[in-house]
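Engineer: Okay, structure incoming, though there's no sequence with it:
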Ligand SMILES: C[S@@+](CC[C@H](N)C(=O)[O-])C[C@H]1O[C@@H](n2cnc3c(N)ncnc32)[C@H](O)[C@@H]1O
Ligand SMILES: [Zn+2]
């Protein structure tokens with residue numbers, strides 16, 4: 001059963017899938033990888049992420065702005081690979097993803113992609129089958145990120161590359177620049193499965209909308225209703241749809257509708273009859289029945305936040321509420337659950353709140369919580385009833401797992417590892433190997449077999465609750 005319930009308090013007794021194990025309006029100020037590992041599977045309807053882009057820039061908010069003190073690094077080096085590298089690349093499970101990660105040209109790019117891939121895998125687990133994900137990026141890494149997204153979500157679940165025009169003007173300040181000005185970002189939209197929810201949006205506000213309406217609905221009927229006309233001829237030959245109507249001859253391939261429908265539309269005043277008796281009947285489309293121009297993948301009608309807007313917090317890379325409002329409206333219904341794992345100054349959370357969605361946000365910067373509360377007061381004018389947490393949630397959807405070091409687990413792992421220690425790779429008798437959590441429980445690791453391995457007692461002591469990268473580095477130094 002899929003519900004949108006969010007437990008008011010995390011409860012270890014609730015084992016029902018699709019119930020979030022966190023309170024609505026929770027902001028986590030911690031590494032999103034660990035927080036997401038502790039969240040229940042299939043409990044989220046929509047994820048928007050605007051991660052660092054590997055832009056080789058370190059961002060800081062200006063002193064004196066609401067966001068002063070917020071900073072994040074957007075430069076990757078091999079040291080950032082740490083634990084995630086081992087999990088993704090040392091196991092055969094993600095073969096196609098592994099090939100893509102290895103194709104990155106520089107070590108920095110590789111490190112960044114591993115960082116992203118390990119988090120995107122968690123995001124996929126968190127999404128409901130009807131869920132959607134929007135990854136906001138720019139040309140720095142978009143070409144690699146598209147491949148990573150294809151490998152994780154499936155090429156068939158790719159929906160759009162949205163091009164958002166985030167700047168007006170030329171985009172380059174230096175008139176001697178050796179390239180065109182860059183004024184756009186890319187947003188990759190995927191659904192979790194073929195049953196991903198999509199609610200088309202219509203434009204009725206862009207600057208050329210008035211001229212679009214004038215062109216599309218140029219006529220007025222006797223009652224003053226504006227309308228445009230469409231062709232009513234069948235595109236392919238339809239013998240049964242070749243008939244005269246009110247003395248007007250049929251098109252050579254016949255009409256697009258039956259005679260009964262033609263009569264019905266005539267009754268409803270939906271047909272335009274030409275003065276020329278040999279001319280063609282057309283269908284009338286009325287302006288008052290037009291939902292607007294369907295939004296395409298080119299979003300050039302959402303400007304950056306003006307410098308004096310109440311919305312501006314001073315947070316570097318802050319995105320407009322209108323951008324998030326459109327994404328939320330396109331892929332979720334009131335009461336649905338929205339997650340932003342890189343929430344910055346909480347734009348997604350505020351947009352979700354304004355649109356009656358349930359939400360949670362994660363940001364490694366402790367500033368995120370302060371900014372959220374500030375914006376809830378000033379922009380939503382609502383009392384903040386959520387929680388700001390730094391701990392890692394405990395999943396409540398796992399049911400009862402056997403004790404991690406039970407005999408069946410030990411036997412299974414011994415067979416899987418051919419009796420070798422997963423650290424030093426030496427062969428041992430089963431009784432000399434110990435069951436270890438690959439990702440420590442303190443970091444959101446679970447008792448699932450996938451997160452278990454056998455280590456000899458010496459490797460297990462060295463590793464403790466750290467990650468495999470640490471153990472491997474120690475073993476290399478010792479060798
Ligand atoms: C591009 S900004 C997001 C801006 C946001 N969309 C907004 O409108 O404010 C990226 C954010 O990711 C956060 N971040 C970077 N690494 C993270 C991690 N491992 N876990 C959680 N947040 C992280 C940074 O602190 C930064 O706030
Ligand atoms: Zn060992």
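Structural biologist: Happy to help now that I have it. None of these values were measured; they are calculated from a predicted model. Numbering: from 1, shown residues only. Ligands and ions are numbered 1, 2, ... in the order given.
Engineer: Check whether residue 240 sits in a helix, strand or coil.
Structural biologist: Using DSSP: H, G, I helix; E, B strand; the rest coil, the structure places residue 240 in helix.
Engineer: what about the closest residue in space to it that isn't next to it in sequence, distance to ligand 2?
Structural biologist: The shortest distance from residue 240 to any non-neighbouring residue, by Cβ to Cβ, 6 or more residues apart in numbering, is to residue 254 (7.5 Å). Where C-beta positions appear, they are placed from N, C-alpha and C, glycine not excepted. With distances taken as Cβ to the ion, to the nearest Å, residue 254 is found 79 Å from ligand 2.
Engineer: So for residue 254, what pLDDT did the model give?
Structural biologist: Residue-level confidence at residue 254 comes out at 96, pLDDT.
Engineer: Next up, phi/psi of it, please.
Structural biologist: phi 100, psi 170 (degrees, to the nearest 10).
Engineer: Look at it and say how many residues are nearby.
Structural biologist: By the criterion of other Cβ atoms under 10 Å, residue 254 has 18 neighbours.
Engineer: can you check residue 121 too?
Structural biologist: 21.
Engineer: Quick check: chain neighbours aside, which residue is closest to it?
Structural biologist: residue 152 (6.0 Å).
Engineer: which parts of the helix or strand containing that neighbour are buried?
Structural biologist: Taking DSSP states H and E as the criterion, residue 152 maps to helix 142-153. Neighbour counts over helix 142-153 (16 or more other Cβ atoms under 10 Å) mark 142, 144-153 as buried.
Engineer: and the closest residue to ligand 1 within the chain, what does it touch?
Structural biologist: Across the chain, the shortest distance to ligand 1 (Cβ to the nearest ligand atom) belongs to residue 344, at 2.6 Å. Residue 344 is in contact with 50, 70, 315, 317-319, 363, 365, 368, 371, counting by Cβ atoms under 8 Å, 6 or more residues apart in numbering.
Engineer: Then residue 392?
Structural biologist: Here residue 392 is in contact with 30, 34-35, 37-38, 442-444 (Cβ under 8 Å, 6+ apart).
Engineer: Sketch out the strands for the stretch 201-350 of the chain, chain order is fine.
Structural biologist: Applying DSSP state E, counting those that start in this stretch to the stretch 201-350 of the chain gives strands spanning 202-203, 219-220, 226-230, 271-272, 282-286, 293-294, 298-299, 337-340.
Engineer: Which one of those lies nearest to residue 106?
Structural biologist: Residue 106 lies closest, by Cβ to Cβ, to one member of those: strand 337-340, at 28.4 Å.
Engineer: Which other helices and strands does that closest one contact?
Structural biologist: If you count contacts as 3 or more Cβ pairs under 8 Å, 6 or more residues apart in numbering; DSSP states H and E, strand 337-340 packs onto strand 44-49, helix 347-354, strand 358-362.
Engineer: Run through who's touching stretch 227-242.
Structural biologist: 216-221, 250-251, 253-258, 272, 280-287.
Engineer: Please repeat the previous calculation with a cut-off of 7 Å.
Structural biologist: For stretch 227-242, the external contacting residues (Cβ atoms under 7 Å, 6 or more residues apart in numbering) are 216-219, 221, 250-251, 253-258, 272, 280-287.
Engineer: can you check stretch 441-456 too?
Structural biologist: 34, 37-38, 392, 395, 398, 401, 404, 409, 412-414, 417, 421-424, 426, 428, 432-439, 463, 465.
Engineer: Close to ligand 2 as well: tell me which of those residues qualify.
Structural biologist: The residues of those that also fall near ligand 2, by Cβ under 5 Å from the ion, are 421, 423-424.
Engineer: Of the contacts of residue 392, which pair is most distant in space?
Structural biologist: 35 and 442 (13.0 Å).
Engineer: quick revisit: would you mind finding the most buried of the strands of the stretch 201-350 of the chain?
Structural biologist: Using mean count of other Cβ atoms under 10 Å, the stretch among these with the greatest mean number of neighbours is strand 337-340 (a mean of 28).
Engineer: now what about that one, what contacts it?
Structural biologist: With Cβ under 7 Å, 6+ apart, strand 337-340 has contacts from 4, 6, 20, 43-49, 126, 328, 332, 348-349, 352, 357-361.
Engineer: any idea how far residue 380 is from residue 300?
Structural biologist: Distance of residue 300 to residue 380, given as Cβ to Cβ, to the nearest Å: 28 Å.
Engineer: what's the answer for residue 289, then?
Structural biologist: From residue 289 to residue 380 the distance is 34 Å (Cβ to Cβ).
Engineer: neighbour-wise, which of those two wins?
Structural biologist: Neighbours per residue (other Cβ under 10 Å) separate residue 289 from residue 380, with residue 380 holding more: 14 against 10.
Engineer: Would you confirm that the more buried one contacts residue 353?
Structural biologist: Yes. Using Cβ atoms under 7 Å, residue 380 is in contact with residue 353, at 5.3 Å.
Engineer: Can you pick out the most distant pair from the contacts of residue 344?
Structural biologist: Distance extremes for the contacts of residue 344: the farthest pair is 319 and 365 at 15.7 Å, using Cβ to Cβ.
Engineer: ok, the two, which is more surrounded?
Structural biologist: residue 319 (23 against 20).
Engineer: show me what contacts the residue nearest to the more buried one when sequence neighbours are not counted?
Structural biologist: Counting by Cβ to Cβ, 6+ apart, the nearest residue to residue 319 once its immediate chain neighbours are dropped is residue 347, at 5.0 Å. By Cβ under 7 Å, 6+ apart, the residues touching residue 347 are 318-319, 321, 324.
Engineer: Kindly state the pLDDT recorded for residue 347?
Structural biologist: For residue 347, pLDDT reads 97.
Engineer: And it, how far from residue 266?
Structural biologist: Distance from residue 347 to residue 266, by Cβ to Cβ: 51 Å.
Engineer: Filter the contacts of residue 392 down to the buried ones and express that as a ChimeraX selection.
Structural biologist: For the buried members of those, the matching ChimeraX selection, counting by 16+ other Cβ under 10 Å, is:
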select :30,34,35,37,38,443,444
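Engineer: Adding distance to residue 190 and pLDDT, write the contacts of residue 392 out as JSON lines.
Structural biologist: Listed next are these as JSON lines, based on distance: Cβ to Cβ, whole Å; pLDDT from 0 to 100:
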{"residue": "30", "distance to residue 190": "25", "pLDDT": "92"}
{"residue": "34", "distance to residue 190": "24", "pLDDT": "88"}
{"residue": "35", "distance to residue 190": "21", "pLDDT": "93"}
{"residue": "37", "distance to residue 190": "21", "pLDDT": "90"}
{"residue": "38", "distance to residue 190": "23", "pLDDT": "90"}
{"residue": "442", "distance to residue 190": "32", "pLDDT": "78"}
{"residue": "443", "distance to residue 190": "27", "pLDDT": "74"}
{"residue": "444", "distance to residue 190": "24", "pLDDT": "72"}
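Engineer: if we can go back for a sec, what's the per-residue pLDDT of the residue of the chain closest to ligand 1 here?
Structural biologist: pLDDT at residue 344 comes out at 95.
Engineer: One more: residue 424?
Structural biologist: 94.
Engineer: Assumed it was part of a strand.
Structural biologist: No. Counting by three-state DSSP, residue 424 is not part of a strand but coil.
Engineer: Quick one: distance of stretch 350-359 to the chain centre.
Structural biologist: In terms of Cα atoms, centre = their mean, to the nearest Å, the centre of stretch 350-359 is found 16 Å from the chain centre.
Engineer: Mind listing what's buried along it?
Structural biologist: 350-353, 355, 357-359.
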